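> Attaching a predicted model along with its sequence, questions to come.
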Amino acid sequence: MNKYIAYFDNASCQSLRLYSITDSPNSSKSFSGLDELVFLEDTDTLIVLIPSLLVSSYKSLKNNDVPKDIYLANFISNIDTKTVSQISENKIKFHNDVGFVINESIIENLNKSLTLLDANIYLTPEYSFFSVSGKNVITEFDKKYIISNSDGTGTSILFDSMEDYINLIKNVNPDFKPLIYSNSNNLKEKFPENKFLDFSLSSFLEKNISSLPNFYEFYYSFNTIKNKLSYSIAQLSILCLSAFAIILLPILIINKNNNDANIYKNATFNIFKSINSDIKKVVRPRSQIDAIMSQIPLTKSEDSFKMPSLNLLDQVDIENIENIFIDFNQSTVSILIKDMPPIQYNLFKVLAKQTNIKVLSDKTSLTNNNISGSITVSLINE
(Lines give C-alpha, C1' and ligand atoms only; values in the text may rest on other atoms or scores of the structure.)
Protein backbone atom coordinates (compact mmCIF):
# COMPACT_ATOMS: atom_id res chain seq x y z
CA MET A 1 0.00 0.00 0.00
CA ASN A 2 1.40 3.40 -1.04
CA LYS A 3 0.50 6.88 0.15
CA TYR A 4 0.49 9.87 -2.18
CA ILE A 5 -0.03 13.62 -1.90
CA ALA A 6 -1.55 15.52 -4.79
CA TYR A 7 -0.58 19.20 -4.67
CA PHE A 8 -2.02 21.65 -7.19
CA ASP A 9 0.17 24.22 -8.91
CA ASN A 10 -2.45 26.96 -8.55
CA ALA A 11 -6.04 27.70 -7.53
CA SER A 12 -7.45 26.36 -10.81
CA CYS A 13 -6.87 22.81 -9.53
CA GLN A 14 -5.78 21.57 -12.94
CA SER A 15 -2.08 20.72 -13.13
CA LEU A 16 -0.59 19.05 -10.06
CA ARG A 17 2.46 17.41 -8.59
CA LEU A 18 2.29 13.98 -7.00
CA TYR A 19 4.46 13.19 -3.98
CA SER A 20 4.82 9.77 -2.41
CA ILE A 21 6.07 8.64 0.98
CA THR A 22 9.35 7.57 -0.59
CA ASP A 23 9.98 10.93 -2.32
CA SER A 24 11.94 13.84 -0.97
CA PRO A 25 10.20 17.27 -0.81
CA ASN A 26 11.90 18.25 -4.06
CA SER A 27 11.09 14.99 -5.84
CA SER A 28 7.69 14.69 -7.48
CA LYS A 29 5.90 13.80 -10.70
CA SER A 30 3.86 16.32 -12.64
CA PHE A 31 0.41 15.64 -14.15
CA SER A 32 -1.99 17.83 -16.08
CA GLY A 33 -5.04 16.63 -14.13
CA LEU A 34 -6.45 14.19 -11.62
CA ASP A 35 -7.76 11.95 -14.39
CA GLU A 36 -4.17 10.92 -15.17
CA LEU A 37 -3.84 9.17 -11.79
CA VAL A 38 -5.70 6.09 -12.99
CA PHE A 39 -2.66 3.94 -12.23
CA LEU A 40 -3.47 4.13 -8.50
CA GLU A 41 -4.73 0.89 -6.96
CA ASP A 42 -7.55 0.37 -4.48
CA THR A 43 -5.01 -0.32 -1.72
CA ASP A 44 -3.31 3.06 -2.24
CA THR A 45 -4.16 6.23 -0.33
CA LEU A 46 -4.36 9.56 -2.13
CA ILE A 47 -4.41 12.79 -0.10
CA VAL A 48 -5.49 15.72 -2.25
CA LEU A 49 -4.57 19.06 -0.71
CA ILE A 50 -6.99 21.92 -1.39
CA PRO A 51 -5.16 25.25 -1.81
CA SER A 52 -5.70 27.53 1.18
CA LEU A 53 -6.87 30.26 -1.15
CA LEU A 54 -9.98 28.20 -1.96
CA VAL A 55 -11.10 27.14 1.52
CA SER A 56 -11.76 29.43 4.47
CA SER A 57 -11.92 28.24 8.06
CA TYR A 58 -13.52 29.74 11.16
CA LYS A 59 -13.52 28.71 14.79
CA SER A 60 -17.04 27.70 15.76
CA LEU A 61 -17.71 25.99 19.09
CA LYS A 62 -20.47 23.40 18.80
CA ASN A 63 -23.34 23.68 21.26
CA ASN A 64 -25.03 20.30 21.61
CA ASP A 65 -28.12 21.95 23.08
CA VAL A 66 -28.75 23.87 19.86
CA PRO A 67 -30.40 22.09 16.88
CA LYS A 68 -28.18 21.61 13.81
CA ASP A 69 -30.20 23.94 11.58
CA ILE A 70 -30.05 26.77 14.15
CA TYR A 71 -26.34 26.15 14.69
CA LEU A 72 -25.75 26.37 10.92
CA ALA A 73 -27.86 29.55 10.66
CA ASN A 74 -25.86 31.19 13.46
CA PHE A 75 -22.57 30.20 11.82
CA ILE A 76 -23.65 31.62 8.44
CA SER A 77 -24.76 34.84 10.11
CA ASN A 78 -21.37 35.25 11.77
CA ILE A 79 -19.31 34.73 8.60
CA ASP A 80 -21.64 36.41 6.09
CA THR A 81 -19.63 39.64 6.06
CA LYS A 82 -16.31 37.78 5.82
CA THR A 83 -16.99 35.88 2.59
CA VAL A 84 -16.76 37.38 -0.86
CA SER A 85 -19.16 35.04 -2.66
CA GLN A 86 -22.75 34.26 -1.77
CA ILE A 87 -23.19 31.74 1.05
CA SER A 88 -25.59 29.74 -1.15
CA GLU A 89 -22.72 29.11 -3.58
CA ASN A 90 -20.56 27.48 -0.92
CA LYS A 91 -20.35 24.14 0.81
CA ILE A 92 -19.93 24.22 4.59
CA LYS A 93 -18.35 21.41 6.58
CA PHE A 94 -17.86 21.28 10.35
CA HIS A 95 -14.97 19.35 11.90
CA ASN A 96 -13.68 19.56 15.48
CA ASP A 97 -15.31 22.94 16.25
CA VAL A 98 -14.10 24.44 12.97
CA GLY A 99 -16.33 25.51 10.10
CA PHE A 100 -14.81 25.15 6.61
CA VAL A 101 -16.26 27.06 3.65
CA ILE A 102 -15.48 26.26 0.00
CA ASN A 103 -17.16 26.97 -3.30
CA GLU A 104 -19.70 24.25 -4.18
CA SER A 105 -18.71 24.00 -7.85
CA ILE A 106 -15.02 23.55 -6.99
CA ILE A 107 -15.77 20.66 -4.65
CA GLU A 108 -18.16 19.10 -7.16
CA ASN A 109 -15.59 19.17 -9.97
CA LEU A 110 -12.89 17.71 -7.72
CA ASN A 111 -15.18 14.91 -6.55
CA LYS A 112 -16.22 14.08 -10.12
CA SER A 113 -12.56 13.55 -11.06
CA LEU A 114 -11.60 11.75 -7.87
CA THR A 115 -14.53 9.34 -8.03
CA LEU A 116 -13.05 7.79 -11.18
CA LEU A 117 -9.95 6.74 -9.24
CA ASP A 118 -9.66 3.47 -7.30
CA ALA A 119 -7.59 4.73 -4.35
CA ASN A 120 -8.73 5.60 -0.82
CA ILE A 121 -9.19 9.34 -1.12
CA TYR A 122 -8.93 12.24 1.32
CA LEU A 123 -9.72 15.75 0.11
CA THR A 124 -8.56 18.18 2.77
CA PRO A 125 -7.21 21.74 3.13
CA GLU A 126 -3.44 21.91 2.91
CA TYR A 127 -3.10 23.61 6.31
CA SER A 128 -5.14 20.79 7.92
CA PHE A 129 -2.76 18.17 6.58
CA PHE A 130 0.36 19.97 7.94
CA SER A 131 -1.20 20.64 11.35
CA VAL A 132 0.05 19.33 14.68
CA SER A 133 -2.55 18.86 17.40
CA GLY A 134 -2.64 21.76 19.90
CA LYS A 135 0.18 23.70 18.27
CA ASN A 136 0.67 26.60 15.89
CA VAL A 137 2.74 25.36 12.97
CA ILE A 138 4.55 27.04 10.07
CA THR A 139 5.59 24.63 7.32
CA GLU A 140 7.68 25.51 4.32
CA PHE A 141 6.42 23.45 1.41
CA ASP A 142 6.34 23.93 -2.34
CA LYS A 143 7.42 27.59 -2.41
CA LYS A 144 4.92 28.60 0.29
CA TYR A 145 4.65 28.92 4.02
CA ILE A 146 1.63 27.04 5.25
CA ILE A 147 0.20 28.32 8.54
CA SER A 148 -1.68 25.73 10.64
CA ASN A 149 -3.20 27.28 13.76
CA SER A 150 -3.73 25.40 16.99
CA ASP A 151 -7.53 25.94 16.79
CA GLY A 152 -7.78 24.06 13.45
CA THR A 153 -7.91 27.09 11.16
CA GLY A 154 -5.14 28.11 8.79
CA THR A 155 -3.90 29.73 5.60
CA SER A 156 -0.82 29.88 3.34
CA ILE A 157 1.53 32.71 2.50
CA LEU A 158 3.96 33.27 -0.35
CA PHE A 159 7.58 33.81 0.55
CA ASP A 160 7.44 37.51 -0.34
CA SER A 161 4.47 38.14 1.96
CA MET A 162 5.67 36.17 4.96
CA GLU A 163 7.33 39.07 6.80
CA ASP A 164 4.22 41.26 6.64
CA TYR A 165 2.05 38.38 7.83
CA ILE A 166 4.32 37.61 10.81
CA ASN A 167 4.32 41.27 11.84
CA LEU A 168 0.52 41.31 11.67
CA ILE A 169 0.21 38.20 13.82
CA LYS A 170 2.69 39.48 16.42
CA ASN A 171 0.80 42.73 16.75
CA VAL A 172 -2.35 40.73 17.60
CA ASN A 173 -0.64 37.97 19.57
CA PRO A 174 2.83 38.87 20.85
CA ASP A 175 3.21 35.38 22.38
CA PHE A 176 2.86 33.65 19.01
CA LYS A 177 5.55 30.97 19.03
CA PRO A 178 4.89 28.40 16.31
CA LEU A 179 6.51 25.07 15.63
CA ILE A 180 8.51 25.68 12.45
CA TYR A 181 9.40 23.14 9.76
CA SER A 182 11.85 25.24 7.74
CA ASN A 183 15.45 26.37 7.43
CA SER A 184 14.51 29.91 6.40
CA ASN A 185 16.88 32.55 7.77
CA ASN A 186 14.10 35.12 7.70
CA LEU A 187 11.98 32.98 9.99
CA LYS A 188 14.92 32.38 12.28
CA GLU A 189 15.33 36.14 12.61
CA LYS A 190 11.62 36.56 13.40
CA PHE A 191 11.57 33.66 15.89
CA PRO A 192 15.05 33.41 17.35
CA GLU A 193 13.82 31.46 20.39
CA ASN A 194 11.78 28.91 18.48
CA LYS A 195 12.79 25.38 17.68
CA PHE A 196 13.27 24.71 13.99
CA LEU A 197 12.69 21.19 12.65
CA ASP A 198 13.72 19.62 9.38
CA PHE A 199 10.74 19.03 7.13
CA SER A 200 9.90 15.38 6.49
CA LEU A 201 6.97 14.56 4.25
CA SER A 202 6.92 10.96 5.47
CA SER A 203 6.28 12.11 9.07
CA PHE A 204 3.06 13.82 7.98
CA LEU A 205 2.04 10.90 5.75
CA GLU A 206 2.47 8.45 8.60
CA LYS A 207 0.13 10.27 10.99
CA ASN A 208 -3.52 9.34 11.46
CA ILE A 209 -5.06 10.92 8.37
CA SER A 210 -8.54 9.70 9.30
CA SER A 211 -8.68 12.59 11.80
CA LEU A 212 -8.49 15.14 8.96
CA PRO A 213 -11.54 17.00 7.64
CA ASN A 214 -12.51 15.20 4.43
CA PHE A 215 -14.46 16.93 1.66
CA TYR A 216 -14.45 13.88 -0.59
CA GLU A 217 -17.86 12.48 -1.56
CA PHE A 218 -18.56 9.78 -4.11
CA TYR A 219 -20.13 11.38 -7.17
CA TYR A 220 -22.90 9.14 -8.53
CA SER A 221 -23.15 8.91 -12.32
CA PHE A 222 -23.29 6.20 -14.97
CA ASN A 223 -19.58 6.50 -15.79
CA THR A 224 -18.43 6.44 -12.17
CA ILE A 225 -20.54 3.40 -11.32
CA LYS A 226 -19.37 1.62 -14.46
CA ASN A 227 -15.75 2.43 -13.61
CA LYS A 228 -16.04 1.32 -9.97
CA LEU A 229 -17.75 -1.95 -10.81
CA SER A 230 -15.47 -2.64 -13.80
CA TYR A 231 -18.35 -4.02 -15.85
CA SER A 232 -18.14 -4.61 -19.58
CA ILE A 233 -20.77 -3.24 -21.97
CA ALA A 234 -22.36 -6.70 -22.23
CA GLN A 235 -22.47 -7.08 -18.45
CA LEU A 236 -23.97 -3.63 -18.04
CA SER A 237 -26.60 -4.44 -20.66
CA ILE A 238 -27.55 -7.63 -18.83
CA LEU A 239 -27.63 -5.74 -15.53
CA CYS A 240 -29.92 -3.07 -16.98
CA LEU A 241 -32.22 -5.70 -18.52
CA SER A 242 -32.35 -7.54 -15.20
CA ALA A 243 -33.24 -4.34 -13.37
CA PHE A 244 -36.02 -3.58 -15.88
CA ALA A 245 -37.27 -7.17 -15.58
CA ILE A 246 -37.40 -6.92 -11.79
CA ILE A 247 -39.43 -3.73 -12.07
CA LEU A 248 -41.68 -4.66 -15.00
CA LEU A 249 -42.40 -8.38 -14.48
CA PRO A 250 -44.53 -7.93 -11.33
CA ILE A 251 -46.56 -5.25 -13.13
CA LEU A 252 -47.07 -7.51 -16.17
CA ILE A 253 -48.05 -10.47 -13.98
CA ILE A 254 -50.55 -8.38 -12.04
CA ASN A 255 -52.07 -7.04 -15.27
CA LYS A 256 -52.36 -10.57 -16.71
CA ASN A 257 -54.02 -11.82 -13.53
CA ASN A 258 -56.47 -8.91 -13.65
CA ASN A 259 -57.26 -9.63 -17.31
CA ASP A 260 -57.80 -13.34 -16.57
CA ALA A 261 -60.06 -12.43 -13.66
CA ASN A 262 -62.12 -10.14 -15.90
CA ILE A 263 -62.41 -12.86 -18.56
CA TYR A 264 -63.55 -15.36 -15.92
CA LYS A 265 -65.99 -12.83 -14.49
CA ASN A 266 -67.50 -12.06 -17.91
CA ALA A 267 -67.73 -15.76 -18.83
CA THR A 268 -69.45 -16.51 -15.50
CA PHE A 269 -71.89 -13.66 -16.07
CA ASN A 270 -72.70 -14.91 -19.58
CA ILE A 271 -73.41 -18.42 -18.20
CA PHE A 272 -75.75 -17.03 -15.58
CA LYS A 273 -77.32 -14.74 -18.16
CA SER A 274 -78.11 -17.70 -20.38
CA ILE A 275 -79.75 -19.47 -17.42
CA ASN A 276 -81.67 -16.50 -16.14
CA SER A 277 -82.06 -13.34 -18.24
CA ASP A 278 -83.03 -11.31 -15.16
CA ILE A 279 -79.52 -11.51 -13.73
CA LYS A 280 -77.79 -8.10 -13.91
CA LYS A 281 -74.59 -8.83 -11.98
CA VAL A 282 -72.80 -11.88 -10.65
CA VAL A 283 -71.77 -11.20 -7.06
CA ARG A 284 -72.01 -14.55 -5.23
CA PRO A 285 -72.15 -17.37 -7.84
CA ARG A 286 -72.97 -20.12 -5.34
CA SER A 287 -75.89 -18.28 -3.76
CA GLN A 288 -77.23 -17.37 -7.20
CA ILE A 289 -77.00 -21.00 -8.33
CA ASP A 290 -79.00 -21.99 -5.26
CA ALA A 291 -81.58 -19.33 -6.09
CA ILE A 292 -81.92 -20.58 -9.67
CA MET A 293 -82.18 -24.20 -8.54
CA SER A 294 -84.92 -23.29 -6.08
CA GLN A 295 -86.98 -21.96 -9.00
CA ILE A 296 -86.91 -25.30 -10.89
CA PRO A 297 -90.25 -27.18 -10.34
CA LEU A 298 -89.79 -30.64 -8.82
CA THR A 299 -93.10 -32.14 -10.20
CA LYS A 300 -93.27 -35.81 -11.10
CA SER A 301 -93.03 -36.47 -14.81
CA GLU A 302 -95.77 -38.50 -16.44
CA ASP A 303 -93.13 -40.22 -18.53
CA SER A 304 -91.06 -41.34 -15.59
CA PHE A 305 -89.91 -44.94 -15.93
CA LYS A 306 -90.90 -47.55 -13.36
CA MET A 307 -88.47 -50.31 -12.67
CA PRO A 308 -89.92 -53.68 -13.82
CA SER A 309 -90.53 -56.23 -11.09
CA LEU A 310 -87.81 -58.80 -10.73
CA ASN A 311 -89.23 -60.63 -7.73
CA LEU A 312 -89.11 -63.78 -9.84
CA LEU A 313 -85.33 -63.92 -9.42
CA ASP A 314 -85.73 -64.28 -5.69
CA GLN A 315 -86.84 -67.87 -6.30
CA VAL A 316 -83.64 -68.78 -8.09
CA ASP A 317 -80.37 -69.75 -6.45
CA ILE A 318 -78.09 -66.78 -7.12
CA GLU A 319 -75.02 -69.03 -7.23
CA ASN A 320 -76.22 -70.38 -10.59
CA ILE A 321 -76.67 -66.90 -12.11
CA GLU A 322 -73.53 -65.45 -13.61
CA ASN A 323 -74.88 -62.24 -15.17
CA ILE A 324 -78.15 -60.28 -15.49
CA PHE A 325 -78.54 -57.59 -18.16
CA ILE A 326 -81.62 -55.33 -18.10
CA ASP A 327 -82.64 -53.37 -21.21
CA PHE A 328 -84.92 -50.62 -19.92
CA ASN A 329 -85.82 -49.39 -23.36
CA GLN A 330 -87.02 -52.85 -24.53
CA SER A 331 -88.20 -53.96 -21.08
CA THR A 332 -86.24 -57.18 -21.37
CA VAL A 333 -83.93 -59.11 -19.09
CA SER A 334 -81.15 -61.41 -20.28
CA ILE A 335 -80.01 -63.97 -17.69
CA LEU A 336 -76.85 -66.02 -18.02
CA ILE A 337 -77.09 -69.28 -15.99
CA LYS A 338 -74.52 -71.97 -15.34
CA ASP A 339 -74.88 -75.48 -13.91
CA MET A 340 -78.44 -74.90 -12.69
CA PRO A 341 -80.24 -78.05 -11.58
CA PRO A 342 -83.04 -79.01 -14.04
CA ILE A 343 -85.68 -78.98 -11.27
CA GLN A 344 -84.80 -75.38 -10.34
CA TYR A 345 -84.76 -74.35 -13.99
CA ASN A 346 -88.21 -75.88 -14.63
CA LEU A 347 -89.50 -74.12 -11.48
CA PHE A 348 -88.21 -70.82 -12.85
CA LYS A 349 -90.07 -71.33 -16.16
CA VAL A 350 -93.33 -72.23 -14.37
CA LEU A 351 -93.13 -69.15 -12.14
CA ALA A 352 -92.40 -66.98 -15.17
CA LYS A 353 -95.51 -68.19 -16.94
CA GLN A 354 -97.62 -67.55 -13.79
CA THR A 355 -96.40 -63.94 -13.53
CA ASN A 356 -97.10 -63.13 -17.19
CA ILE A 357 -93.41 -63.11 -18.07
CA LYS A 358 -92.82 -64.16 -21.63
CA VAL A 359 -89.72 -66.11 -22.56
CA LEU A 360 -88.39 -64.48 -25.72
CA SER A 361 -85.47 -66.81 -26.31
CA ASP A 362 -84.04 -69.88 -24.64
CA LYS A 363 -80.46 -70.72 -25.49
CA THR A 364 -79.82 -73.27 -22.80
CA SER A 365 -78.64 -76.87 -22.97
CA LEU A 366 -78.27 -79.86 -20.66
CA THR A 367 -74.68 -80.61 -19.82
CA ASN A 368 -73.56 -83.01 -17.10
CA ASN A 369 -77.16 -83.18 -15.81
CA ASN A 370 -77.22 -79.35 -15.30
CA ILE A 371 -78.63 -76.49 -17.37
CA SER A 372 -76.26 -73.81 -18.75
CA GLY A 373 -76.79 -70.97 -21.25
CA SER A 374 -78.81 -67.75 -21.55
CA ILE A 375 -82.49 -66.93 -21.45
CA THR A 376 -84.19 -63.66 -22.41
CA VAL A 377 -87.56 -62.73 -20.92
CA SER A 378 -89.97 -59.83 -21.43
CA LEU A 379 -91.19 -58.03 -18.29
CA ILE A 380 -94.30 -55.96 -17.79
CA ASN A 381 -94.10 -52.75 -15.63
CA GLU A 382 -96.09 -52.91 -12.45
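Received, thanks.
> buried sites along stretch 9-16?
13, 16 (16 or more other CB atoms under 10 Å). Just so you know, the C-beta spots here come from the backbone N, C-alpha and C atoms, and that holds for glycine as well.
> Can you give me the end-to-end span of that stretch?
5 Å (CA to CA, to the nearest Å).
> Could you say which helix or strand holds the closest residue to residue 144 other than its chain neighbours?
Among residues not flanking residue 144 along the chain, residue 156 sits closest, at 4.9 Å (CB to CB, 6 or more residues apart in numbering). Per DSSP states H and E: residue 156 is located in strand 154-158.
> Please identify the buried residues of that strand?
154, 155, 156, 157.
> With respect to residue 251, which of those is nearest?
residue 154 (56.2 Å; CB to CB).
> pretty sure that closest one contacts residue 147?
Yes - shown here, residue 154 and residue 147 form a contact pair, counting by CB atoms under 8 Å, at 5.3 Å.
> Give me the common contacts of these two.
When contacts are counted by CB atoms under 8 Å, 6 or more residues apart in numbering, residue 154 and residue 147 are jointly contacted by residue 127.
> hmm, who's touching the helix or strand harbouring residue 101?
In this structure, residue 101 sits in strand 98-103 according to DSSP H and E. By CB under 8 Å, 6+ apart, the list of residues contacting strand 98-103 from outside reads 50, 54-60, 75, 79, 83, 85, 89-94, 125, 151-153, 213, 215.
> Now do the strands in the stretch 151-300 of the chain.
Under the criterion DSSP state E, counting those that start in this stretch, strands of the stretch 151-300 of the chain are mapped to 154-158, 179-181, 196-197.
> could I get these as CSV with distance to residue 189?
Formatted as CSV, the strands of the stretch 151-300 of the chain follow (distance: least, CB to CB, whole Å):
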stretch, distance to residue 189
strand 154-158, 16
strand 179-181, 12
strand 196-197, 12
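> mind checking which of those strands is nearest residue 116?
strand 154-158 (27.7 Å).
> and the angle from that closest one to strand 98-103?
Strand 154-158 runs at 60 degrees relative to strand 98-103, counting by axes from the mean of the first three to the mean of the last three CA atoms, to 10 degrees.
> From the contact counts, what lies against strand 154-158?
On a contact count with 3 or more CB pairs under 8 Å, 6 or more residues apart in numbering; DSSP states H and E, strand 154-158 meets helix 126-129, strand 144-148.
> Show the subsequent helix or strand relative to the shortest one.
Moving toward the C-terminus from helix 126-129, the first helix or strand encountered (DSSP H and E) is strand 137-141.
> Mind listing the strands that next one pairs with, and their directions?
strand 144-148 (antiparallel), strand 179-181 (parallel) (DSSP bridges).
> Can you show me the helices along the stretch 101-250 of the chain?
Remark: helices assigned in the stretch 101-250 of the chain by DSSP state H, counting those that start in this stretch are 104-115, 126-129, 162-172, 185-190, 201-205, 222-229, 233-275.
> Can you flag the weakest of these by average pLDDT?
Mean pLDDT is lowest for helix 222-229 out of the helices of the stretch 101-250 of the chain, coming in at a mean of 59.
> tell me the most buried of the helices of the stretch 101-250 of the chain?
Highest mean neighbour count of the helices of the stretch 101-250 of the chain: helix 126-129, a mean of 26 (counted as mean count of other CB atoms under 10 Å).
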